[in-house]
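Enquirer: Just to be clear, the model below is a prediction. Sequence and coordinates:
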Amino acid sequence: MRIIIGGAGEVGRGVARALYNEGQDVVLIDSEPTAIKEAQSIDAFVLLGDVTRREILKEAGIRDAQVFIAATGSDERNMLSCALARDLLEEELPIEKYPNRPPLLTIARIHDANLIANEEGRLARWSGVDVAICPHQASIDRLTAGLKSSSLNDVLPLGGDAWIVEVDVTPNATQLASFTLGQAEGKIDGLPKAFTLCRKGQSAFVPDDDTVVEVGDRLVFATIGEHTFKRISKAAGHVEPPYPESPRVAIFGATALGKQLAKEYLGEGCLVTVLDEHLEAANELVGSSIGAHKRLDVIHCNLADLDLLREIELAEHDIAIAALPDDHENIAIAMRAADIGVERTGLVLDDSALARVVRRIGLTYAVSERRVAIDSILMQVHRRVPGHYQLMPSVPEIVAMSASISEGHSRLNQSIEKIEKKASFRIAFVERENAEGSRIMFRAKSDMTVKAGDRLILFVESDDVPTVEKILER
């Protein structure tokens, strides 16, 4: 499958690298020589040119493309290039003459959520964009989940209440370190299944019950429910304060992201304080739909004024989140809040490398919007198997996916063991409706039979993704 990506920045390169690792035919286009040079390491076809020019799209092979992804830094250019790609394909291969031509899926990375607000059903008609990726809400979901247990390295969603959790094993893991995983599961009540182990100096691998865990290992668990995060953290030897039932939350920045965060926490019954040094932004929040909420305080102040931050009792807040437009300013503010005494601090950054560094330091929990955008785009590229597609940054050779089983599906009534034998992947959980109509997650067992309505959550090596998709797409 040929996939053309306009924009060789971090998002474009991240998507291209993941798809190239799957064996897809990938073309990257960018007008900046620096971006093109950085993209050379991916070993895909890299083209210097303007993605809004017909001749460049022709050279990229738009006639053979099934997916066009616009991931430049400009929302307008992204939408324009999607419309151009669709029009050019129709010009080159008119559907009247080529009725069996595969449709072109167009995906645009959107930074300004207001641009596409309430346009879901009409967007493709007027813009040429089939799917718009604006990762604000997905970033918030990851951040709020990660702050539930701040000692975890990463918390990644798999849809529903399923999660991937990464944690480092410390010397205090007295029931886990120096034991096999089978022994640890017997000792630690409710410990989820570890599906990947990362050890310094070795490639990541899938452990079994006889694998001995060592101090310094990083374990990747597949788990059900946010309530299990604390159990995993404790098993790995981490000690952290209990998460309050209704935390008091400070949000730095009345930005679009800050407003969304405030709305999210207010909806959970939290007390929320939003601080911004721009009077206009603070007033705009006060005049918004949540501005009069009785649990919301909006303060216009100098965010660098430590005395003022102490005066407003920042240390009495359970959570502090930096949601400003500048990455370095966000890092400084989150660390300032931690120094003042806030136990849980978090921030949303653009740069994923910075987010990894911040998490490695361990003083705050960071989420990268670019990283979330990459995952969101890949999930759409793999939409022929409806469900989630999740890269794990620390284990790039492993992909987590989910797949729904409908009536008439080719895998209906097959056992987990039989399905797994068809390719090198492992099914971790089966989500199924119980007699009361609630969706329940079950740990997959080899003799379990797949039923209509089930959702499978699985782990697969990246180069086997196309094979697994063929197995599970219908």
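Expert: Yes, it's here.
Enquirer: Excluding residues flanking it in the chain, which one is nearest Ile56?
Expert: Once flanking residues are discounted, Ile56 sits nearest to Gly49: 3.7 Å by CB to CB, 6 or more residues apart in numbering. Every C-beta, even on glycine, is put in place using the N, C-alpha and C of the backbone.
Enquirer: cool, Ile3 as well?
Expert: That would be Val67: by CB to CB, 6+ apart, it lies 4.4 Å from Ile3.
Enquirer: Taking the centroid of the protein, which residue is nearest it?
Expert: Val372 (3.9 Å; CA atoms, centre = their mean).
Enquirer: Please tell me how far the residue nearest to Ile56 sits from Leu57.
Expert: 9 Å (CB to CB, to the nearest Å).
Enquirer: who's more crowded, the two?
Expert: Applying other CB atoms under 10 Å to Gly49 and Leu57 shows that Leu57 carries more neighbours, namely 28 against 16.
Enquirer: what about the closest residue to Ile95 other than its chain neighbours, helix or strand, and which?
Expert: Leaving aside its sequence neighbours, Ile95 sits nearest to Arg101 (CB to CB, 6+ apart; 6.3 Å). Using DSSP states H and E, no element contains Arg101; it sits outside every helix and strand.
Enquirer: does Leu306 really touch Ala337, like I thought?
Expert: No. Using CB atoms under 8 Å, Leu306 makes no contact with Ala337, being 10.5 Å away.
Enquirer: re the thing from before, please enumerate the shared neighbours of Gly49 and Leu57.
Expert: Ile29 (CB atoms under 8 Å, 6 or more residues apart in numbering).
Enquirer: quick one: contacts for Glu407?
Expert: Contacts of Glu407 (CB under 8 Å, 6+ apart): Ala452.
Enquirer: Can you give me the distance of Asp71 to Arg370?
Expert: One thing to correct before we go on: residue 71 is Ala, not Asp. Applying CB to CB, the value for Ala71 to Arg370 is 9 Å.
Enquirer: hang on, the earlier thing: Validate this expectation: the residue nearest to Ile3 resides in a strand.
Expert: Yes. According to DSSP: H, G, I helix; E, B strand; the rest coil, Val67 belongs to a strand.
Enquirer: residues in contact with it?
Expert: Met1, Arg2, Ile3, Ile4, Leu104, Leu105, Thr106, Ile107, Val381.
Enquirer: The second one: neighbour count?
Expert: To tie it back to what came earlier, the one meant is Arg2. 18.
Enquirer: which residues does it contact?
Expert: Gln24, Asp25, Val26, Val27, Gly61, Asp64, Ala65, Gln66, Val67.
Enquirer: Name the secondary structure element that contains the nearest residue to His238 once chain neighbours are set aside.
Expert: Excluding its sequence neighbours, the residue lying closest to His238 (CB to CB, 6+ apart) is Ser151, at 3.7 Å. For Ser151, there is no host helix or strand (DSSP H and E).
Enquirer: quick one: Ser151 from Met335, how far?
Expert: 17 Å.
Enquirer: Retrieve the pLDDT associated with the nearest residue to Leu314 once chain neighbours are set aside.
Expert: With sequence-adjacent residues excluded and distances taken as CB to CB, 6+ apart, Leu314 is closest to Ile340, at 5.3 Å. On pLDDT, Ile340 comes in at 93.
Enquirer: so who does Ile232 touch?
Expert: Ser149, Leu152, Val165, Val167, Leu191, Pro192, Phe221, Thr223.
Enquirer: Write down the beta-bridge partners of the closest residue in space to the third one that isn't next to it in sequence, one by one.
Expert: So the one you mean is Val165. For Val165, ignoring the flanking residues on the chain, the nearest one in space by CB to CB, 6+ apart is Phe221 at 4.7 Å. Here Phe221 sits in beta bridges with Val165, Ala194, going by DSSP bridges.
Enquirer: tell me which helix or strand of the chain sits lowest on mean pLDDT?
Expert: strand 439-443 (a mean of 82; mean pLDDT, DSSP states H and E).
Enquirer: partners of that one in the sheet?
Expert: Applying DSSP bridges, one finds strand 439-443 paired with strand 425-433 (antiparallel).
Enquirer: Enumerate residues external to the strand it pairs with that contact any of its residues.
Expert: For strand 425-433, using CB under 8 Å, 6+ apart, the contacting residues are 160, 162, 193, 195, 206, 222, 224, 416, 419-420, 439-444, 448, 450-451, 453-461, 464, 468.
Enquirer: In CSV, could you pull the C-alpha coordinates for that strand?
Expert: Extracted in CSV, the C-alpha atoms of strand 425-433 (Å, rounded to 0.1, in the frame of the first residue of the first chain):
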residue,chain,number,x,y,z
PHE,A,425,1.0,-12.2,18.0
ARG,A,426,-0.5,-12.7,21.4
ILE,A,427,-4.0,-11.8,22.5
ALA,A,428,-3.9,-10.3,25.9
PHE,A,429,-7.6,-9.6,26.7
VAL,A,430,-11.1,-10.2,25.4
GLU,A,431,-13.7,-7.5,26.0
ARG,A,432,-17.2,-9.1,26.1
GLU,A,433,-20.7,-8.1,27.1
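Enquirer: Check the gap between Phe205 and Glu397 for me.
Expert: Taking CB to CB, one finds Phe205 at 10 Å from Glu397.
Enquirer: Please, which helix or strand holds Glu59?
Expert: Assigned by DSSP H and E, Glu59 falls in helix 54-60.
Enquirer: Which strands and helices lie in contact with that helix?
Expert: Judged by 3 or more CB pairs under 8 Å, 6 or more residues apart in numbering; DSSP states H and E, helix 54-60 is in contact with strand 25-30, strand 45-48, helix 75-92.
Enquirer: Of all the ones you listed, which one comes closest to Leu115?
Expert: Closest approach to Leu115 among the helices and strands packed on helix 54-60 is made by helix 75-92 (5.6 Å; CB to CB).
Enquirer: and the helix or strand just after that closest one with helix 75-92, angle?
Expert: Using DSSP H and E, the next helix or strand after helix 75-92 towards the C-terminus is strand 105-109. For strand 105-109 against helix 75-92, the angle by axes from the mean of the first three to the mean of the last three CA atoms, to 10 degrees is 170 degrees.
Enquirer: Let me know the outermost residue of this protein.
Expert: Lys97 (40.4 Å).
Enquirer: Torsion angles phi and psi at that residue?
Expert: Lys97 adopts backbone torsions of phi -90, psi -30, taken as degrees, to the nearest 10.
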